[in-house]
Structures are given as C-alpha cells and as structure tokens.
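coordinates for the following, if possible.
(chains A and B)
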Amino acid sequence: MGGVRGAEHEPADGSFVVMRPRSPGSRLLAVGVLAALICGLSGGAAITPESSPRTTRSYVVTYFYGAISPNSEKEDCPDGFAKQPDPAQYYKELTPAQLQAMQTGTFAVRVKFFERMSHRGPAGEDTCEHPTVDPGASMPVGRSKIGYGLHLDGGNASHAHCAHDEMTSPDGLQGVDNQIERLTACIRQRRQNGFLPSYELNKMREGQFTLLIQISGADNLRDADNVEVLLTSSPDPLVFSTDGKTPLEYASYTLGDNPRYHNVLKGRIRGGVLETVPNSVVVPSNEFRKEESFRDAQLRLVFKSDGTLAGLLGGYRDLDEFYRPVIWGGYYNEQYAGPYTCPGFYNALHALADGFPDPKTGRCTAISSATRIEAIPAFATPSARRTASSATNRPGAAARS
Amino acid sequence: MKPRPPLRDLAIVAAAVAALVMAAGSAAESLADGGATPSIGEARRLTDDQYRQTIADIFGADIKVSGRFEPDIRREGLLAVGSSAVAVTPLGAEQYYMMAGSIAAQVTDESHRRALFACTPGTPAGPDDRCAAQILSASGRLLYRRPLDPGDLRSQVALADAVAAKSGSFYAGIEASLSGMLVSPEFLFVIERGRPTPGEPGSLTLDGYSRAAELALLLWNSAPDDQLLAAAARGDLGKPKGLAAQADRMMASPRFERGVRAFFSDMLGFDAFQGLSKDTIIYPKFSPEVAADAKEQTLRLIVDQLVRRNQDYRGLFTTNRTFLNRRIGPIYRIPVQARGGWELHEFAPGDARSGLLTQLSFLVLYSHPGRSSPTLRGKAIREHLLCHDVPAPPPDVNFAFVQDTSNPIFRTARQRLARHRSNPMCAGCHQMMDPLGLALEDFDSSGEERQDENGAPIDVSGVYHGAVFSGAAGLGEALSKDPQVTSCLVHRLYAYGVGRALTAADEAAIAPLERRFDVDGAYRTLVRAMATSEAFYRLPAPDQTTRVALQATGGQGEGQR
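Below is the predicted model of the structure:
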C-alpha cells in the first residue's frame, strides 16, 4: 500500500471498507503511475491518491504541545531568564526546627513544608492561588520577532484584540499571533530542551488522552474545497510498535462519545496544506490541564509525502484556564516546571493577552497560542454504542458522528 | 502450611521415573525396530497440548500446568505421527515429575478437593481405604483412559495409605498416588491395545478403551470423558450404532472445535510459532503477541469455514473472510471496531488477500526473520497442503546471492532466485517451490502487503499445472481446483487419527473417504466417516514379536478390567 496517506475508508452502513486498488494485473501500472505522481510534485508535499469526496482519512495525533520558540536563548531573552523566588522567601516563616525537619524528614514531611512555600503573600496568602497580591511581580518574556503560529486576528477573527507585536514564522508566514510563545520563551523548563514538554507529552503517550483527526470531503490532498475536519478524542491509548516508542500507523481507535470534544471545522486544501476557518475547539488533556479550549481556533496542517500530518492548531486560550495548572502546581511548578514566580507568570500572562477584550474593562481575556500537531494514519471506528444507534446507519455517518 | 508428604518423593519418584524412561524407551524401540512399518502397540506420547487439555478436562481449567515439555518430532508431515516415535529422556521425566507434583498438590488442595472428589475421609488426619479407593479409581480411570486393574488400584491405595499414615494427612496420601499416576506411562502414553477382529482371523482391531482414546484424541485432542469410557465398557464402541452415537455426541460438543484446531495446527506446522521471531527494526509492527494472534486468526478462520458454517475445505483457499483484532489490524491496514476481541472482516472483490495463503500465519511462518522467502512459502505449500516431499538442499549450496537483498541489479527475490536456479544442482527443487511462493511476494515477511521490493515492481504471476495465475488469489483459486489438495487433507487427517505412518491397508480404507470428500469438501462429514469406520480402528499387520509382548500385557477386551 505504498503511497496511501491517512487511513482511508468509506463509512457506509455503519461499516468500514478500506479503499485499496487491488487488481494484481494493474499493480505494475499503479506503481508506475504512483512514481510519476511523486516525481511530479513540487517540494514533496502532498500526493494524490485515488479517492472520492466521500473518502474519509483518519489520523491519530502523536504530538500535541504548545509550539516552542525556534530562537536561541539570546535572541529570545536578552534580559535573561525568569527566576524562582528567593529561597529566603520560602523559608522566612519556618522555625529552625521546621527547617531541620524539612531537610531531614521523610518525603511526606517535606511535602507539607513545600506546600506552604507558595504562601508568601503579605498576609500569608498562597501567591500561586492569589497572584494579584503581588501586582509588581514581573518576569522576562520573549523578544524575538520569529515564532511559530497562525495569523489569528486577520479577516476571519470574530473578536477585537489588544495591542501586541505580531511575529513571522520561520517559514515566512506573516502576522503570526502567538503570545504564549513569548510568555514561555524565557522559562527554562518550557523551552525545547526543557523538562516540561517531554513530561507532558509522555502523559499523552501514557494514554491519559488520545486525539483523532478525521478529514472528509477531499477528493485529493492537493487542492480541495469544502473539507470537513473532525478533531475529537478516543478512549483508546496510543498504540506503539515493538520498540515501545514509535506510534504504530494504521492502528484502530474508537471515536470518543463525549460531544464536548466533538470539534467540527470547515476548511479547504491548497497546495497540500489544509487550513480551516475559525471556530471553537475543546480537547481533553492530561491530568494537570484536564482539558484545553481554544477560541477562534484554526488548523493549518500539511499533508506530508510519508502520509503523515504536521502543523499547528492556533487559537486563543482563556487566561484563567491557562493559568489554572499553575495554581495546581504551586511551588513545584515554580521550581521544577519553571523557574518563575506565580505572580510574575500571572502578570506577564495578562500583559501579553491579546484577544477577546472585556467590553467593560477593555482588558483582553484571552491570549493567542499555537499548538504543534503531528499525526499519523490511523483508523477511527465508531464505538459500539454509536454503531447501535440509528444515526449511524447512513453513508458517511461514522465520519461525522 | 499443609504438611508435605515426606516419604513419597525420593522412593516413588525414582521408581516412577525409571519406569517411565524404560517404558518410553521400549515403546520407541518397538517402532525403531520395525523401521518405517508400524506395529501394534504404538505408544503415542501425549503432546504438550494434549497433556494440558487432559488435565483441564479431568481436573478443571484452573489447574495450572507449568513446566517444559520435551520437543515433539514431526514424521510424515505430522507431530501426531512423530508422537509414537518419541521416548522420554531422564531430564524430560524429571519435568513430568515436577508437573505431576504440582498438579496433584493443586487437585488435593482445599479449594479443589470438594468439587473433584466424591467422598470425604472418616478422618482427614490418616488413611481411609474406602475413600482412597473411590477417589483413585475414579481419577485413575480418566487418567489412564481405562479402569485401573485391581492390582494397580490396590497398589495406589496402599501407597496413599502409607503416606497418609506417615504424614498424618489423608490428602497427602491421595496427592502422592495421583502424582505417581501422572508420571505413569499409562497416562503419558496412549498405548494401543489390540484384540482379534471377529470373523477375520489374523487381523487385530483396537479394543474398546483404545478406541475411546483414539476417538478422544481425534475429536477433542484430549482424554475420553466418563460417557465415552462408559460406552467402551459396555462394548458400544465395537458396534456401528454405538460408535456413531459417541462420534456424533463428541462432534456436537464445543470440544470438537478444539480437536479441529489441534489437527490443523499440526498439519500447518504451527508448532514453529514457538520459536518465531522477526527483525523488529525492519518489521516494527511484528511482536510475539502478533505471532500468537496470527495463529489464532487462521484457526478461527478454519473453524468458521469447516465447523460452524460447514463449508467446503477448498473454500479456505479462496475465501474473502478473515478475522481481525486490533493488534493485527495495522498489518492489514484495516479498521477494527472491536476494542477487545476479534471481528469478522470480508475483503472486497479484487483484494490481494484471499484465503489461507494470505493469512498472516502462513506468510510470517514461512519467511525469514528479515525477508520474505518464496522458497519457504512454496515448500510449505508443497509439503503441508499438497503432501509432496521436498528434499533438503545439498549441504554445499551457497545461498549468499539469494540472501543479498541489497543487490542493486537483482532487486527482487524473483530475480535472485532465477539466477540461483541457473545452478542445475538447485534447479530441480526450486522449480517445485519457487513459482508457488513467488505468487505471495507482494506480502513481506511480516505479512504486510507491499507494492515493490527495493523500488522494483513485484511480479506475482505464475503457472500451475499449465494454467497461468496471478498473485495469491490466483494461486488459491488454482489450488482449490487441484484434487491433490483434498487428497492431501484426507491422508493427513487419517494419519493424524491413527498416529502413525499410513500403510497399504490404510490406503484402501482412505480411498472411499477421499472420493467422498472430493465431492463436497465437507470436513465434518469426513471426520465422522473416519471416526465411525471400522477400518480406522484396525491395527496394521503386526510384527510377531511385538504382538506376543502386547497380548501378554494388554490385549484384553473391554469389560474385563
């Protein structure tokens, strides 16, 4: 099946039939045609399989994490990196005996003290839970003009926005809106070689959540109008090859039943690149984030010649939702997923916010973001419950349900 | 902690192991003595599966059997035939003993004894002749596939009593006796016993209990149950009506599918799955779990075709049906809805996959770890499905050219094998094997479909009996029309049933079965006809020496024990 991109099938009558050209006699011809197609493509971006508008291609997401700055530390952070609070602040309320217990006690004892370490407010408030107690706190943010992302506040944007500096993507896309990248660029553990990206990705690989992408309505992957994209969840964990690390192509995943994660996006394909128009997106996430929501979200995905998908999900993140895991992480995040201080992070987040201003205050309530996506061909199958429902007993229902 | 019987181990075991090794050795010698000609008194060592099934059927599926079995030997294309040519080594006997001890301990533990034993002792702290005899005669009858001789039973009860008295535990005594039975040759070997065929002087036929054992192995791959032994005791298995009644009962049982699986596992060489491995760098989708699923997939298909739907055996070569689970779905690149099990899949018309030859089991088993092998696949078709003999390669052949998959000029296996066949010493055999295997070259060593090999297109065309075909579907179609395919199945099943190489007398009995099977390919009908045929239980003309020895030890009819 060389040359197949995405796991193609035509959902019909609730069953899946794989689209595969099969006549052994025509196999040599098919290989020749395929080779000619591949050679004729510019840039090796996308190739055109035999398919019909009813063909649905399914993918499972293997990478889903905020796009990380492509710039050097010096380019991003000429003012230096964010820092955790002065250790003296942590310990100022502890008695010598408590300090001793903290250094020599069991893990459980030490945790109790750690939990108090974010209680640094003037009245002993938890400064992660109540970051506004320190309005003067700050932290360095990214200064580079280069960053990954999409032009979110262009003609299709449904919202007003706050002043911000747009960036240019490494591949030349102008007007990139990704203030989250600026927010995190100067936090060491959130950069490319930091601890947090791989830690959180592992949560997905462990099976805490799985995302599926189904693309329908495209009779080819080079140019197509009226394409529909379903971004949804699956209760099945990622399937890996025997090395235990490489996600396996063409594995089957059950479509999730939760309508909250049933995101349908409309778009088109031009030059092997799928772009969708803005819409709201909510996806499940790991134990820390629970779920992630994106307003005015857009997908920009490239159909690669190896059959995989790669690109970005751009959209505006609600400030409170984005900050919530910071509260949960408290001191641990400040130290291990930072360094930063909760009030400094909070204030920078709000200062960089660039979307959906509050009509009353004029302050933006959301911040632009870009999440990097990689996906490989897979099969998305309806759950037993869906198969049993009458709604699926019609052509195409499985792809849309 | 339950007290362990202190006595039984050394004395009993040493004696049992010695007896086992000697008995097994003489059973093997009786065959070796006669060369390829089988004789009466075949002693077929239980295979790994038969041992496990027997224990599960007698004592329950929750009894764990842990240990290593000695390897079986394939003769005449079947392990079942080889089972009458194997002995037990001292190391193997030790393994049997360890398994026996573990099984006996489980059977007599508190959680099992109430369900398994029909009586409880007067006191659990010592001997109880009556209850011990009841338990041991019931268990022994099932384990030995015949009632225990009065002398055997007395010995077993005496042993149980002695251990119970010494250890202060009735069940320790039972455990000791059961343990001894489980290493007895009467359990580990299915020993055929003949008697004169009524009205046919000079001819021997199996006695009732031997018939029961043979039926149970053929139909269930296990030991006779209580009903079958009772029928043997009544002499029913010597009468056409009684034999048919038992065959029908057994074929209606869910255990029959197990018997079908056992036969085809043997015929298709599935024992080779045990050592199967692939280069996972080249084939990342392959794993030991996938290998196990590949075997299961084919056995499911066979049961579906031959048992549940009672379809023509030849349809196995052309069917568009298969069964998939999510572990092997990625290799097929087919969606699988069932999250935790198997589901039926029907290939669309024109799909490259069709029938048995494109099952993962066949493709992965008959390939090398890092590349496909038209030669191995062709050889397997010849040997397993057509019953042809393919000679082993000469010892001094250089395979380096064939194995060089990176050759920039000879990029496909077809090209490399064509060059290899230019050596006259190789051409003869490869001409038999390669054309068949080359039809499957669009499937790699992991069973995944491919369109090219090293960038070169794959030619899957071939010629079979003068007719041109293309690919696995074409080859499957051609095989399904070849009478040798049905003839091979009938011969293999018969040899599997009798557990020995076939004789001229067997051929005469097979001929009508073969003719009938060629009409409709109905496997159930074939098995029933075989199981209810008198000829099936006829012993081959015996070697005089062996006959005398066996008549002295066991040539008694049913109802006499």
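
outline the domain layout of chain B.
B:8-191, B:275-300+B:314-480 (automatic domain parsing).

quick one: buried residues of the top helix by length along chain A?
For chain A, the helix with the greatest residue count under DSSP state H is helix A:319-336. In terms of neighbour count (16 or more other Cβ atoms under 10 Å in any protein chain shown), helix A:319-336 has its buried residues at A:319, A:322-323, A:325-327, A:329-335. Where C-beta positions appear, they are placed from N, C-alpha and C, glycine not excepted.

what does the helix or strand hosting residue B:50 rub up against?
Residue B:50 is part of helix B:48-59, with elements assigned from DSSP states H and E. Here helix B:48-59 makes contact (Cβ atoms under 8 Å, 6 or more residues apart in numbering or on different chains) with B:46, B:63, B:65, B:69, B:72, B:103, B:106-107, B:112, B:116, B:139, B:142-143, B:188, B:217, B:220-223, B:225, B:255, B:258, B:262, B:265.

what packs against the helix or strand following the longest helix of chain A?
As assigned by DSSP H and E, the chain's next helix or strand after helix A:319-336 is helix A:342-352. Helix A:342-352 sits against helix A:179-185, helix A:319-336, with contacts defined as 3 or more Cβ pairs under 8 Å, 6 or more residues apart in numbering or on different chains; DSSP states H and E.

distance to residue A:214 and mean pLDDT for the domains of chain B - can I get that in CSV?
Formatted as CSV, those follow (distance: least, Cβ to Cβ, whole Å; pLDDT from 0 to 100):
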stretch, distance to residue A:214, mean pLDDT
domain B:8-191, 43, 84
domain B:275-300+B:314-480, 12, 89
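
about what we covered before: show me what the longest helix of chain A is packed up against.
helix A:107-116, helix A:342-352, strand A:364-381.

just name the most buried of these.
strand A:364-381 (a mean of 25; mean count of other Cβ atoms under 10 Å in any protein chain shown).

minimum distance to residue A:208: which of the helices and strands packed on helix A:319-336 has it?
strand A:364-381 (16.1 Å; Cβ to Cβ).

chain center to that closest one, what's the gap?
Relative to its parent chain, strand A:364-381 has a centroid offset of 4 Å by Cα atoms, centre = their mean, to the nearest Å.

try stretch B:529-536
Between the centre of stretch B:529-536 and the centre of its chain there are 19 Å (Cα atoms, centre = their mean).

quick check: buried residues in that stretch?
For stretch B:529-536, by 16+ other Cβ under 10 Å, it's B:529-533, B:535-536.

got the contact list for residue B:528?
By Cβ under 8 Å, 6+ apart, the residues touching residue B:528 are B:244, B:247-248, B:251.

please pick the buried ones from these.
The buried subset of the contacts of residue B:528 - by 16+ other Cβ under 10 Å - is B:247, B:251.

tell me which element the residue in the stretch 51-200 of chain A that chain B sits nearest to falls in.
Residue of the stretch 51-200 of chain A nearest chain B, by Cβ to the nearest Cβ: residue A:58 (8.1 Å). Assessed by DSSP H and E, residue A:58 sits inside strand A:56-66.

list the contacts for the residue of the stretch 401-550 of chain B found nearest chain A?
Using Cβ to the nearest Cβ, residue B:471 is the residue of the stretch 401-550 of chain B that sits closest to chain A, at 3.8 Å. Residues in contact with residue B:471 (Cβ under 8 Å, 6+ apart) are A:24, B:352, B:439-440, B:442, B:460-461.
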